[in-house]
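Asks: Structural data only, the sequence is not supplied:
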């Protein structure tokens with residue numbers, strides 16, 4: 001497959017899965033528990049999050065397409081495997097934070113996401129330099145999200161008990 005064919009599959013797939021993860025439970029300003037939390041001054045307005053994630057997911061899908069298109073490249077399978085692990089972790093974060101109200105676990109997960117994201121970016125860079133560059137906004141964003149998550153956890157001890165965990169799907 002050519003790069004464009006791969007991108008026609010990977011970009012919509014990454015966007016769709018990312019969107020689904022964000023709709024499993026109410027997230028952001030749609031979540032009453034989250035609205036009730038004390039947040040650090042560096043918390044961006046609510047509209048920034050969907051814009052940032054949409055942009056990042058498009059870039060990630062393009063990076064993945066570049067690597068998938070590099071047939072015969074050494075390390076390709078491992079790089080795609082790292083991407084899959086990191087992306088799966090990213091999909092789990094929203095339900096863990098917004099649904100289960102597990103701020104500390106979500107913060108630890110973001111720490112792991114940063115490490116896997118760095119490894120993925122390095123692996124992508126060995127195959128296609130441009131793919132590594134496309135992963136950088138993701139690394140910056142999840143690092144920032146990790147700081148936000150940690151700060152929210154420090155400002156809200158016992159936050160898990162503010163409201164019952166969300167268990168219903170917002171998909172339909």
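Replies: Arrived safely. In this text the structure is predicted, and so the values were computed from the model without any measurement.

Asks: how distant is the helix or strand containing residue 34 from the center of its chain?
Replies: Assigned by DSSP states H and E, residue 34 belongs to helix 32-36. Here helix 32-36 shows a centroid-to-chain-centroid distance of 21 Å under the convention C-alpha atoms, centre = their mean, to the nearest Å.

Asks: I would like the residues contacting the following helix or strand past it, please.
Replies: Later in the chain than helix 32-36, the nearest helix or strand by DSSP H and E is helix 48-69. If you take C-beta atoms under 8 Å, 6 or more residues apart in numbering as the criterion, helix 48-69 is touched by 1-3, 6-7, 9-15, 18, 22, 27-28, 73, 76, 79-80, 83, 87, 124, 127-128, 130-132, 134-135, 137-138, 141. In this view, the C-beta of every residue, glycine as well, is placed from N, C-alpha and C.

Asks: same thing with stretch 8-28?
Replies: Contacting residues not belonging to stretch 8-28 are listed as 31-32, 34, 46, 49-50, 53-54, 57-58, 60-62, 64-65, 68, 87, 90-95, 98-99, 166, 168-171 [C-beta under 8 Å, 6+ apart].

Asks: which one in this structure is furthest away from the centre?
Replies: With distances taken as C-alpha atoms, centre = their mean, the residue sitting farthest from the centre of the chain turns out to be residue 72, at 28.4 Å.

Asks: Check whether it sits in a helix, strand or coil.
Replies: coil (DSSP: H, G, I helix; E, B strand; the rest coil).

Asks: mean confidence for the biggest helix by length in the chain?
Replies: Longest helix in the chain, counting residues (DSSP state H): helix 129-155. What helix 129-155 shows for mean pLDDT is 97.

Asks: Please apply the same query to stretch 90-100.
Replies: 94.

Asks: hmm, back to that, got phi/psi on the residue farthest from the centre of the chain?
Replies: phi 80, psi 0 (degrees, to the nearest 10).
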